[in-house]
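>>> Got a sequence here, can you build the structure:
(one chain, ligands or ions: 1)
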Amino acid sequence: MTGSTKRDKIILAYSGGLDTSIAIKWLQDKYNLDVVAVGINVGQAPSSDDIVARAIRNGAVKAEFIDKRREFVEEYVWPSLKANAMYQDVYPLSTAVARPLIVKTLVEVAKREGAKYIAHGCTAKGNDQVRFDVGIVSLEPSLRIIGPMREWVMTREEEIEYAKKNNVEVPVKKENPFSIDENLWGRSCECGVLEDAWIEPPAEAWGWTTDPQRAPDAPEYTTIDFVEGVPVAIDGKNLDCITIIETLNELACKHGVGRIDHIEDRLVGIKSRETYECPVATVLIKAHKALESMTLQRDVIEYKRGVEQRFSELVYNGLWFGVLRESINAFINETQRFVTGTVRVKLFKGNAIIVGRKSKYSLYDEGLATYAKGDGFDHKSAVGFIYCWGLPNKTAARVHKK
Ligand code: ARG
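Residues are numbered from 1 along each chain as shown. Got it, this is the predicted structure:
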């Protein structure tokens, strides 16, 4: 841009979709700002057109697409896996856990570009606006946030009209009736017919997984090696973190694993019906839990369960960059010191079934557990232990009877 009046810059979280394409033009007109469009690659399906070039054609002064897949897996997905993070016990937080990394990247670009503003395309009804807004101010309190979608009141049709009137080039791919968000950890799908909670999700709502009914008739087995709670190898082969996720995801998709249909509680008080496909997350969380049940003591497992829930809520509610989440993370890491070993999983018609586990730190002692020869348990100790264990109840029963 060569104009003589220097405008302030705004960093726009840009996906290349209809909303954020229009936002480039809208931010220039409404706020008189130079727009830097930033897309962040966390493993979503690649766009069929060059969204960076299109952002420039649509008037952005600068546009880039930054590959953050490795950081996403190492710094966000693995900590969530170690926490067995599932919001309301069913949603592996695939969308939620990518938001803090997107936010961190936007803030970095804002600093580099000397921008005072950040914009995102979140609506006023969702969790994501909270994750963006709170994340941004947690990292850089001086940044100002604009949410065009919260400000303009345009329907989908009006947006298309706006694009036509203002010569905004919109994505070439045909419109999907659902709202989709994808990354390496999963796929979220809402809106359209899914808003009727009684209707079974139609085939088109599923984008990744085979219908379990049509999945292969023969099961497939795979083994996953973990080191300190983190997967490092599949079927004995050491792989880098992105390949681990992609390989397991493909296998689980083929067997129809990881479909979730859920009514969840948003932070803003709305209940919403959403479907998720989290094949790799489903397999890895199950496998990780199975290894924990072999390598962690009972009291740690029980205490950690509460911590896991709190961790999940913090991630869901946009408090990733907060002292509590970070402290909980430190606790969880400490618990993972001996979560090293191998888990064997059977994939079959929508199910991921744990069928074997082994670890050099196994606390499972066959000699103590066996009912066969070689039993190492001291049978005589049982009666004395039970006398003490039951004593409070026995005492109370005697007193209360009077
Ligand atoms: N409800 C999920 C969450 O808040 C996903 C939100 C994004 N979903 C979507 N289909 N665009 O984490």
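
>>> and stretch 41-56, anywhere near the ligand?
No. Using Cβ under 6 Å from any ligand atom, stretch 41-56 stays clear of the ligand, with a minimum separation of 11.2 Å. Every residue, glycine included, has its C-beta placed from N, CA and C.

>>> Run the chain-centre distance for that stretch.
What separates the centre of stretch 41-56 from the centre of its chain is 21 Å, taken as Cα atoms, centre = their mean, to the nearest Å.

>>> Tabulate the CA atom coordinates of stretch 287-294 in PDB.
Extracted as PDB, the C-alpha positions of stretch 287-294 are listed here (Å, rounded to 0.1, in the frame of the first residue of the first chain):
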ATOM      1  CA  ALA A 287      -5.100 -46.600  25.300                       C
ATOM      2  CA  HIS A 288      -3.500 -44.000  27.600                       C
ATOM      3  CA  LYS A 289      -6.100 -44.700  30.400                       C
ATOM      4  CA  ALA A 290      -5.400 -48.400  30.000                       C
ATOM      5  CA  LEU A 291      -1.700 -47.900  30.500                       C
ATOM      6  CA  GLU A 292      -2.400 -45.600  33.500                       C
ATOM      7  CA  SER A 293      -4.500 -48.300  35.100                       C
ATOM      8  CA  MET A 294      -1.500 -50.600  35.000                       C
END
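
>>> Check which residues of stretch 183-201 are buried.
183-190, 192, 194, 201 (16 or more other Cβ atoms under 10 Å).

>>> Then stretch 29-43?
31, 33-40, 42-43.

>>> follow-up on the earlier one: ok, which pair from the buried residues of stretch 183-201 is furthest apart?
184 and 192 (24.6 Å; Cβ to Cβ).

>>> With adjacent residues omitted, what lies nearest to residue 135?
Of all residues not flanking residue 135 in the chain, residue 103 sits nearest, at 3.5 Å (Cβ to Cβ, 6 or more residues apart in numbering).

>>> Same question for residue 376.
residue 367 (3.9 Å).

>>> Now the residue nearest the centre of the chain: phi and psi?
Nearest to the mean C-alpha position of the chain, by Cα atoms, centre = their mean, lies residue 94 at 1.9 Å. The phi/psi pair for residue 94 (degrees, to the nearest 10) reads phi -60, psi -50.

>>> if I look at it, how far off is residue 275?
12 Å (Cβ to Cβ, to the nearest Å).

>>> which neighbours do those two share?
Here residue 94 and residue 275 have residue 188 as joint contacts, going by Cβ atoms under 8 Å, 6 or more residues apart in numbering.

>>> is the host helix or strand of the residue nearest to residue 135 anywhere near the ligand?
Using DSSP states H and E, residue 103 maps to helix 94-113. Yes. Judged by Cβ under 6 Å from any ligand atom, helix 94-113 and the ligand are in contact via 95-96.

>>> List the buried residues for that helix?
94-107, 109-110, 113.

>>> next helix or strand past it?
Past helix 94-113, the next helix or strand by DSSP H and E is strand 117-119.

>>> does whichever residue of the stretch 251-400 of the chain sits closest to the ligand sit in a helix, a strand or a coil?
Using Cβ to the nearest ligand atom, the closest approach of the stretch 251-400 of the chain to the ligand is made by residue 274 at 5.0 Å. Using DSSP: H, G, I helix; E, B strand; the rest coil, the secondary structure recorded for residue 274 is strand.

>>> got a list of what the nearest residue in space to it that is not next to it in sequence touches?
Leaving aside its sequence neighbours, residue 274 sits nearest to residue 190 (Cβ to Cβ, 6+ apart; 4.4 Å). By Cβ under 8 Å, 6+ apart, residue 190 lies in contact with 178-179, 272-275.

>>> if we go to 7 Å?
Neighbouring residues of residue 190 by Cβ atoms under 7 Å, 6 or more residues apart in numbering: 178-179, 272, 274.

>>> just residue 58 next, same as before
21, 24-25, 168-169.

>>> The stretch 301-402 of the chain against the ligand: which residues are in contact?
Going by Cβ under 6 Å from any ligand atom, none of the residues of the stretch 301-402 of the chain are near the ligand.

>>> those strands in the stretch 301-402 of the chain, which residues are they?
Under the criterion DSSP state E, counting those that start in this stretch, the stretch 301-402 of the chain carries strands at the ranges 341-348, 351-358.

>>> Could you say which of the ones you listed is packed most deeply?
Of all the strands of the stretch 301-402 of the chain, strand 341-348 has the most neighbours on average by mean count of other Cβ atoms under 10 Å, namely a mean of 20.

>>> For the chain, give me the ranges with low pLDDT.
1-4 (pLDDT under 70).

>>> what about the helices in it?
18-31, 51-57, 69-71, 78-82, 94-113, 128-139, 148-151, 156-165, 241-254, 279-295, 298-316, 323-335, 366-369, 381-401 (DSSP state H).

>>> chain center to the last one, what's the gap?
Centroid separation for helix 381-401 versus its chain: 47 Å, with Cα atoms, centre = their mean.
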